[in-house]
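Student: Have a look; sequence and predicted model below, questions after that.
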Amino acid sequence: MTSATVDTLIPELREQLATAGSQTVDLIEELVRDPGSQAWRARCFCIGYMWHDEEREPEELARLGLTLAPVLQHDAALFVSELLLGYAASREDRRSREWEHRLVRRVAELDGLHHIVSAANSSLDLETSLQTVAQTVANVMSTDVCSIYLFDRNTGNLTLRATHGFDHGAIGHVTIRLGAGATGWAAQEGQPLVIQDAWADQRFKVVPHLDERPYRSLVCVPIILFAKSPDDLVGDQLQGVISVQAVGPRVFKDEEVQFLEVVGGELAFSIANAQRYHETDERLRQKIRELSTLQRVSAAIAATLDLGTVLNLIAEQAVVLSSSDRADIFECEGDCTDIKLVASCGGTWDERLRRIIMRTVSEGHPVAIISAFDDMRFPELAALAHNNGFHSLFCLPLRIGERIIGAIVLYTRQQRYFDYEQVQLLSSFADEAAIAIENARLFKEAQRNLKIKSTLLQEMHHRVRNNLQTISALLTMQYRRLDPDSPGAAPLAKSAGRIQAIAAVHNLLCNDDVGVTTVQEIARQVVDNAHTGLVGESPVHFEVKGTSLPITSREATVLALIVNELVNNALSHGIAEQGGTVEVDVWREGPDAVIEVRDNGPALPPSAQASEPKQSSGLGLSIIETLVSADLGGSFKFSRDDAWSRGCVRWPYSPPDAQA
């Protein structure tokens, strides 16, 4: 059968196939020319395969088979089956290719997600992670541009933080308002936006500083950190927007949009974690600064009693750490009926603010004024705030226990709400200021009391000295009336000397620091009294040597008696008649103090040369032993060598300051 026969049988089909440019026309003509060939099955299969490739309907192919089968003398069912087998094979091959392409794309997306997750988890440097994500998304989706914007809750703007395809110099400088352009629309609506032709969509706006004119297609997906549960009070939080752009018109598939949404979900956690880390790090640094500042303030309070210096430091640091613009510290006067400014930083005090501060002092509670221009409690504040240049004010009382001793006030030029942590910090500064003020008050009171007590003690020592000198004078007068060789003359003279030694101590104490003198001064007084009482032509040379050791009034009285006994002991054993040298030496030896009285007079009687003082029967040595052991907790030793007789007293030494 010829092609003319085919034209007669199916003229409409022939014309339709030729018009459509179908490649099946040649195969049909070959099949018609040689219907008995064994290759007719293969030709039918190829016709069906090509029919599907040309995206024609299977119903039309079945009608074609039913038309050709009788003409070609083939079984209609078998002929149509071969055509549809080819059609089905083409369809399956296409599906296989689509699945293969989809699988390859999925593998690329998974690999991209792996890189994204790795970048998010490997570093807390948010900028580096975002840049890696932008480059990875652009590569996986085969787009020309990928940009990531982060949302700033303080300004309500989206800021470019990473980009692949645009100039990196725009990072950090390009901002978009919520609802502005395609990116702002996606952020405001909280849902993806797909635009095939940007120039035909009214929502698309060219962003300044970004050359977006060549790009026609785009997808914008919001980055949202979803609430963990419906009861989460924070709710969903917008973190930013991720957008991709292509030069030519492009239909972005649902799978691609879903991939971007998955990336946005990963980014939401990464951004939130990085922000929490930086917030925590900043809070930690802030706490360290606060603790360091409080430590410096505490050290200043401990190191100086200059109230002005400490309070000015507190005011200065309160301004810095609370991010305020000015701080004033006030001290109460009288019975908390008035206040006075004691320290300030950042401004000048306006007397018209006194009523607000007095309210804090009288009520004992903080007063917070968020907006001075519309606070109904203090209508006069609006004019004051305008003149002094502040918007918010926070006043905190200074307490010592339950007692209010002042107030600290902070001012800010911008409207400000002081949160719990800031109030706690200010409370710490208030406590430090209160301690400084109280320390200064106690110091002044202690100085005043010390001056009064010093005057009283000096007067007491003066009167005791006068009374003792009177007694000593009476004893001396009585001694002069007695025969020097009589039994009572020597004890009377010694008693007068002892009383005079004690009087000398009180004479020192009424002139020097209250309750404090030195061993050397005691020794000089005793030596001067002994030198004055000498009668004879033989010269006796006295010398006080050694280290200056401060002692208390109690120790001074005991040592005066001891030195007096040792000097009198030296004089009574011949040095007063024959002449010589008496030395009093003082020094430190480890934890002990040592005082030694030595003379180079004639040798002592055998009874006084014993190595142990307790073998002596002299009253003077007994007095020394008792005073040293009972009152000083020390030891006494008397010795004699070829040149000197030595009386050595050793006792545990503690400076007067340490005893206090």
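Tutor: Sure thing, it's come through. Numbering: from 1, shown residues only.
Student: just the strands in the stretch 201-350 of the chain please.
Tutor: 217-225, 237-246, 326-333, 338-345 (DSSP state E, counting those that start in this stretch).
Student: Adding mean neighbour count, mean pLDDT and distance to residue 494, write the ones you listed out as a markdown table.
Tutor: Where you see a C-beta, it was placed from the backbone N, CA and C, and this is true even at glycine. Shown next, in a markdown table, are the strands of the stretch 201-350 of the chain (neighbours: other CB atoms under 10 Å; pLDDT from 0 to 100; distance: least, CB to CB, whole Å):
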| stretch | mean neighbour count | mean pLDDT | distance to residue 494 |
| --- | --- | --- | --- |
| strand 217-225 | 24 | 89 | 99 |
| strand 237-246 | 24 | 89 | 98 |
| strand 326-333 | 22 | 87 | 61 |
| strand 338-345 | 18 | 86 | 62 |
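Student: Now render those as JSON lines, adding distance to residue 397.
Tutor: As requested, the strands of the stretch 201-350 of the chain are exported to JSON lines (distance: least, CB to CB, whole Å):
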{"stretch": "strand 217-225", "distance to residue 397": "41"}
{"stretch": "strand 237-246", "distance to residue 397": "38"}
{"stretch": "strand 326-333", "distance to residue 397": "10"}
{"stretch": "strand 338-345", "distance to residue 397": "11"}
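Student: out of the ones you listed, which comes closest to residue 402?
Tutor: strand 326-333 (13.7 Å; CB to CB).
Student: one step back: which one of the strands of the stretch 201-350 of the chain lies closest to residue 156?
Tutor: Per CB to CB, nearest to residue 156 of the strands of the stretch 201-350 of the chain: strand 237-246, 10.3 Å.
Student: Okay, angle between the closest one and strand 217-225 too, please.
Tutor: 160 degrees (axes from the mean of the first three to the mean of the last three CA atoms, to 10 degrees).
Student: Who are the packing partners of strand 237-246?
Tutor: Judged by 3 or more CB pairs under 8 Å, 6 or more residues apart in numbering; DSSP states H and E, the packing partners of strand 237-246 are helix 126-141, strand 145-152, strand 157-164, helix 181-189, strand 217-225, helix 254-303.
Student: could I get the ones you listed as a markdown table with distance to residue 469?
Tutor: Output for the helices and strands packed on strand 237-246, formatted as a markdown table (distance: least, CB to CB, whole Å):
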| stretch | distance to residue 469 |
| --- | --- |
| helix 126-141 | 89 |
| strand 145-152 | 89 |
| strand 157-164 | 92 |
| helix 181-189 | 99 |
| strand 217-225 | 93 |
| helix 254-303 | 46 |
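Student: immediately after the helix or strand where residue 492 lies, which helix or strand?
Tutor: Using DSSP states H and E, residue 492 sits within helix 489-509. From helix 489-509 onward toward the C-terminus, using DSSP H and E, the following helix or strand is strand 516-518.
Student: For that next one, which strands pair with it and how are they oriented?
Tutor: Partner strands and pairing direction for strand 516-518 (DSSP bridges) are strand 550-552 (antiparallel).
Student: Which helix runs longest in this structure?
Tutor: Identified as the longest helix of the chain according to DSSP state H is helix 420-481.
Student: Run through the stretch 251-400 of the chain and note the low-pLDDT ranges.
Tutor: Along the stretch 251-400 of the chain, segments meeting pLDDT under 70 span 305, 334.
Student: just the helices in the stretch 551-660 of the chain please.
Tutor: Per DSSP state H, counting those that start in this stretch, the stretch 551-660 of the chain carries helices over the ranges 553-570, 576-578, 619-626, 656-659.
Student: With that, I have no additional questions.
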